[in-house]
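K.L.:
Got a predicted structure here, sequence first:
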Amino acid sequence: MKSILGKKIGMTQIFMEDGKVVPVTVVEAGPLVVVQKKTVESDGYNAIQVGFADVKTHKVNKPAKGHFDKANLGYKKILREIKVENPEEFQIGQEIKADIFAEGDMVDVTGTSKGKGTQGVIKRHGFGRGRETHGSKFHRMPGGMGAATYPGKVFKNHRMAGRMGNEKVTVQNLEVVRVDVEKNLILVKGAVPGPKKGLVTIKATIKR
């Protein structure tokens with residue numbers, strides 16, 4: 001699977017050659033460093049472990065230090081695994097850069113959405129509100145929860161107030177508009193999940 005980790009920088013807009021304005025999200029993608037290779041023989045599956053974003057030495061615990069020292073690599077803030085068909089094609093210490101994607105590629109972007117805390121049903125699920133006047137006591141309440149004696153319970157997954165956001169979200173079929181290899185930037189058409197400086201994963205789309 002063609003995939004790379006990145007940091008969401010923010011949104012802007014660029015002009016295309018035909019004069020059209022396109023809204024894009026700028027992602028600082030990589031460079032990733034291959035830290036470990038995992039194979040069916042040793043681990044039961046094929047994958048590579050990659051590190052992203054440099055981190056100061058005093059912020060790394062002893063197990064992580066030993067893991068990076070074994071590979072003779074600098075310390076990284078984030079470790080992730082990427083499934084690959086043949087791990088032997090990669091070398092420990094090899095860099096994976098933004099140039100694995102090109103202009104016109106279609107990608108899926110995964111990130112953690114912005115947390116909005118505990119919210120009511122109007123904001124969280126788009127419920128309609130009640131009238132404000134003439135003695136109405138129904139304004140922003142959720143309304144009925146279900147039947148009475150039978151079934152005598154609230155069904156699972158019933159839409160109610162609760163925690164909103166701060167969950168894994170994937171936006172599919174986004175177009176790569178531009179790739180800047182020197183600055184490790186990938187410009188993706190449209191919006192991607194999460195706040196600025198949030199971690200995102202860009203991978204080749206699976207539903208094209």
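P.N.:
Arrived safely.

K.L.:
Now for the residue located most distally from the centre of the chain: which residues touch it?
P.N.:
In the chain, the greatest distance from the average C-alpha position (CA atoms, centre = their mean) is reached by H134, at 47.2 Å. By CB atoms under 8 Å, 6 or more residues apart in numbering, H134 lies in contact with nothing. The C-beta positions use only the backbone N, C-alpha and C, and glycine is treated the same way.

K.L.:
Quick check: which element contains it?
P.N.:
For H134, there is no host helix or strand (DSSP states H and E).

K.L.:
just Q172 next, same as before
P.N.:
Assigned by DSSP H and E, Q172 belongs to strand 168-180.

K.L.:
Can you name the element that comes right after that strand?
P.N.:
Counting by DSSP H and E, the next helix or strand C-terminal to strand 168-180 is strand 185-189.

K.L.:
Which secondary structure elements does that following strand sit against?
P.N.:
Judged by 3 or more CB pairs under 8 Å, 6 or more residues apart in numbering; DSSP states H and E, strand 185-189 is in contact with strand 3-15, strand 21-29, strand 168-180.

K.L.:
let's see it at 7 Å
P.N.:
strand 21-29, strand 168-180 (3 or more CB pairs under 7 Å, 6 or more residues apart in numbering; DSSP states H and E).

K.L.:
still on that earlier bit, for the record, mean pLDDT for the strand holding Q172?
P.N.:
The average of the pLDDT scores along strand 168-180 is 95.

K.L.:
Contacts for that strand, please.
P.N.:
The contact list for strand 168-180, computed with CB atoms under 7 Å, 6 or more residues apart in numbering, reads 14, 22, 24, 98-99, 101-113, 186-190, 192-193, 205, 207-208.
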